[in-house]
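> Requesting a structural model of the entry that follows:
(chains A and B, ligands or ions: 2)
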Amino acid sequence: MGRTGHEGGGPPGLSRRELLRGAGLAAAAGATLLPAARALAADAPADLRVQGPDAVELTLTVNGAPRTVAAAPRDTLLDVLRLPLDLTGAKKVCDRGTCGACTVLLDGKPVYACSVLALDVAGRSVTTAEGVVGGAGRAVADAFVAKDAMQCGFCTPGMLVACAAAVAEHGPSLTLEQARAATAGNLCRCGTYPHVLEAALAAAKTAKGR
Amino acid sequence: MAESKVKLGVADVVAEKTIRHEDADPAPWGLDARLAVVGTEVSRVDGFAKASGAARYAGDQRPTGLAFARIVRCPHAHANVTRVDLDAVRTMPGVLAADETGGRRKTYAGAPVAVVCAADERSLDDAVAAVRVSYEVLPHVVDATEALAEGAAQVDPKRANRGDADGRGRGGGPAGDAQKALDEAELKVEATYRTQVQTHVPLEPHGSVATWSEDGKLTLWCSTQSVDAVRNEMARRFQVPAADVRVVTEFMGGGFGCKFGPDPCDYEAVRLARATKRPVWCMNDRREEHLTGGFRPDSVQKLTLGGRRDGTMTVIAGECYGTPGNGQGGAGAANTALYDIPARGVTQFGVSTFTAHGRAFRAPGHPQGVFALEGLVDEFALAAGMDPLDVRRLNDKHPVRRLEWPVGAKRIGWAQHRRKVPGSDRGPVKRGVGCAGGVWYNAGGGSWRIDVAVARDGSVVVRSGVQDIGTGTKTVLAVLVAEELGVAPGAVRVEIGDSRFPPGPGSGGSTTAPSVGPAAREAGVRAREGVAAVVAAAWGVDADKLSFAGGRVRGPGGKETTFEQACAQLPSEGLSVSGVRRKNYEGFSGTCGGVQFARVAVDVETGVVRVEKVVAVHDAGRIVDTLTARSQVNGGVIQGISYALFEEKRLDRASGDMVNPTFDTYRIAGMADTPEIDVVFMDVANGINNVGMMGLGEPATVPTAAAVANAVANATGVRMRELPMTPARVLAALAAARGGGK
Ligand code: FES
Ligand code: FES
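Numbers count the residues shown, from 1 in each chain, chains lettered A, B, ... in the order given. Ligands and ions are numbered 1, 2, ... in the order given. Predicted coordinates:
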């Protein structure tokens, strides 16, 4: 499952993947804009201005607290989380939107942090695994421990965020298929998938209905 | 020496055995041992740290002033470096160092040529992009079969690409007179099986963060399966006493055999940290990891299996080779394992190619060898007109695996789901079942020491230099010490993965847990005795009349206290004790078995194979923690499915470069590919060490690909003799079987 910036819901920014595909996308779209591009145009801030090439300061909410960081235009959300913000739960495993190890919540919806440009998250709210376990996601983390939904643990914070989002979305009605779909974009080399599913379903049982 | 009578065995195959053991070593637990924690489901002691992102891996370390380094790699499989231009790079903003890595001739794509270090990642990106290297490109060959051809470019100019025949082989190795047995065989099946190159793909790549103190001491956070090996190697390479090198691997993001020693990125982190006087981060990226981080060699296995019409197998013979990359060793396939076939004559050799270095990969030689062997066993059964399960049961002498076949058969529904006429389902989706056996050889060993400290507040700390690569080593140590102290495993703190602790074994070969577990148990016994002594003195009773259970200490006359209060009687410095890994005893079985059964659905119109269910029946002596053990078996099965269906390192013949070094092009099994997995453990009281434990990581992945392939044959009536079983290969095999070909 692709989990790029615009699929994250909320006001869509320009994901790095779209940026990379930009030329081809524009050509293919022709006169009719593709949904993502259309949404982008609709949500473009009024003060659209050129930023960079040097780092610029931006403020975002991280795990509930406002944080101001300097980011270059090519820095991803993952870059600023892992370095200036020193939140290393989200891992850089592929850096191109194919593994899910960098999954975080952007305005409550899961995204691949490596595929979201940092400048696009100014003013928005980001929750990492470290933050998820401080809230309703705590029950999901506890279920991960109880069901042993981890081995080496390198994919685990990303899996946890993806599961926490699914539990938050579906509550106690979360089905096996929904849990599978929610984590289909998270790779695990150790093969923790069966226990991840068990943990997500167990956590959902204890969650409040929507 | 002490002698203890212990009940050993499995199921109803039980015998009392006298085991001579050192006085200090507790007697092995027998079948009738009554244990409180061992053998139950215990949550991973560091589970919350991992789930919450609090666990810091090597690349997550952030010492102040951290700089970043990246290696510039050769894009050609074979080339001479004629010029490296770094002058302009050195003056770029943020650049701290830019150096050649040395060596003119490069013999694989991905070989290091230069390295750049900068104060931040974006400056590093720019600097690396500005490095200019000129090459004289030379002829190469990346395919093992092509490397055997006359006139093929030679990796080592002084030696043919074809390595010497490996006399030992893997698995059973040579035995008897194979030629004579072939001549006498009533039935023979002959086929060539092929397997692919598989890369390890640990999600955490190789790499380190290194920092030197002003007085010349090195601290290295390294993603390694052996802190001890890395410490010794770095001390040697950088000419400092080993005592001045500290290697830390508290958490480790997967290795599977590819991380036993330092890689170029680890060396460069250390070298550049010394040169720039700053901590340096140097981790492989995904492409570098795929290209250079190690792989399971491929194999071409031309084999003949022979035997009698009654299904008895008498001979296996043939030739087997593969490429371990630049070298020649380690390419053998374990196609003579499992069945004690009396005559075995398989010539094995490695073939050098212009590719990076193959490395040990979870059960080296076994998934590929067992894929060929168990495929042939099915072909042999077909020739004999027998149920392939019956042929296995007839020929299998392994004391545990013999009992595992019927368990697995029942749980997969062998009688109900096996197609008597393979491929006979109506419609495009064909279903079938298949099975395969496994074996592994390790009960651990060495003379490792485990330290246990008990403080007056009742806190317990276990220390060892061993690493936890994801198997749950920390948890196993906690369980064994907790068992002896009668406390909860969560109350035991385990500190590992630090070369300042007593040296531990490298984490591999499924030897880790059984190498350190028995020492932890012994240390736990010593700690209990220490606490018992002070409590007994305070109560005026015999120390051996005390019992430790449920977090409490109980004595004669209704005396009782909590473990914490008991520890308050300790002297102010608390209690420090050790346990030592003793030699293995002669146990019930020196090897693990394991069988797996797979049920698949094959769409003969698209060629897509789906594994619907796997039953995995395994033994590893005493299972210390059934929860983390189940995780390991799930992982072995899923990696095996991934190997069977998806993974293949593809090299461009023209350039020798890898064409699929990303997750979207090198596919590994994901959530959607994961079947229902039914894990069953056989309880074996082994007595091979004081716990009776053996390793589980490797046995769990040995039979999977073979079982899946056998199920595909049962579903379709067409045998796939080449991995991975991609849709294109399945369709081609189906077409060939229809006689059409393409
Ligand atoms: S690191 Fe972001 S998806 Fe892989
Ligand atoms: S737990 Fe190791 S990659 Fe998922």
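> In chain A, where is pLDDT below threshold?
Filtered on pLDDT under 70, chain A yields the residue ranges A:1-49, A:209-210.
> Please identify the residues of it in proximity to ligand 1?
Residues of chain A lying close to ligand 1 by Cβ under 6 Å from any ligand atom are A:92-95, A:97-102, A:112, A:114. The C-beta positions use only the backbone N, C-alpha and C, and glycine is treated the same way.
> Now intersect the residues you listed with the strands, please.
The members of those that map onto strands under DSSP state E are A:Tyr112.
> ranking the residues of chain A next to ligand 1 by neighbours, who comes first?
Using other Cβ atoms under 10 Å in any protein chain shown as the neighbour test, the residues of chain A next to ligand 1 are led by A:Tyr112, with 34 neighbours.
> okay, the residues of chain A next to ligand 1 in TSV with distance to ligand 2 next?
Shown next, in TSV, are the residues of chain A next to ligand 1 (distance: Cβ to the nearest ligand atom, whole Å):
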residue	distance to ligand 2
A:Lys92	14
A:Val93	9
A:Cys94	12
A:Asp95	16
A:Gly97	17
A:Thr98	14
A:Cys99	9
A:Gly100	10
A:Ala101	8
A:Cys102	13
A:Tyr112	16
A:Cys114	16
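> near chain B too, which of the residues of chain A next to ligand 1?
By Cβ under 8 Å from any Cβ of the partner chain, the members of these lying near chain B are A:92-95, A:98-99, A:101.
> just curious, which of those is nearest to chain B?
Set against chain B, the nearest of those by Cβ to the nearest Cβ is A:Thr98 (3.9 Å).
> what's the most distant pair in the ones next to chain B among the residues of chain A next to ligand 1?
The span of these, defined through Cβ to Cβ, is set by A:Lys92 and A:Thr98 at 12.1 Å.
> about what we covered before: same list (the residues of chain A next to ligand 1) but as a markdown table, adding distance to B:Ala700.
Shown next, in a markdown table, are the residues of chain A next to ligand 1 (distance: Cβ to Cβ, whole Å):
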| residue | distance to B:Ala700 |
| --- | --- |
| A:Lys92 | 29 |
| A:Val93 | 23 |
| A:Cys94 | 26 |
| A:Asp95 | 30 |
| A:Gly97 | 31 |
| A:Thr98 | 26 |
| A:Cys99 | 23 |
| A:Gly100 | 24 |
| A:Ala101 | 23 |
| A:Cys102 | 29 |
| A:Tyr112 | 30 |
| A:Cys114 | 31 |
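> just checking, what packs against the host helix or strand of B:Ala532?
Per DSSP states H and E: B:Ala532 is located in helix B:512-539. With contacts defined as 3 or more Cβ pairs under 8 Å, 6 or more residues apart in numbering or on different chains; DSSP states H and E, the packing partners of helix B:512-539 are strand B:449-454, strand B:460-463, helix B:473-485, strand B:547-549, strand B:552-554, helix B:563-567, strand B:575-580.
> quick one: that helix to chain centroid distance?
Relative to the mean C-alpha coordinate of its chain, helix B:512-539 is positioned 30 Å out (Cα atoms, centre = their mean, to the nearest Å).
> quick one: it to strand B:575-580, angle?
Compare the direction of helix B:512-539 with that of strand B:575-580 by axes from the mean of the first three to the mean of the last three Cα atoms, to 10 degrees and you get 140 degrees.
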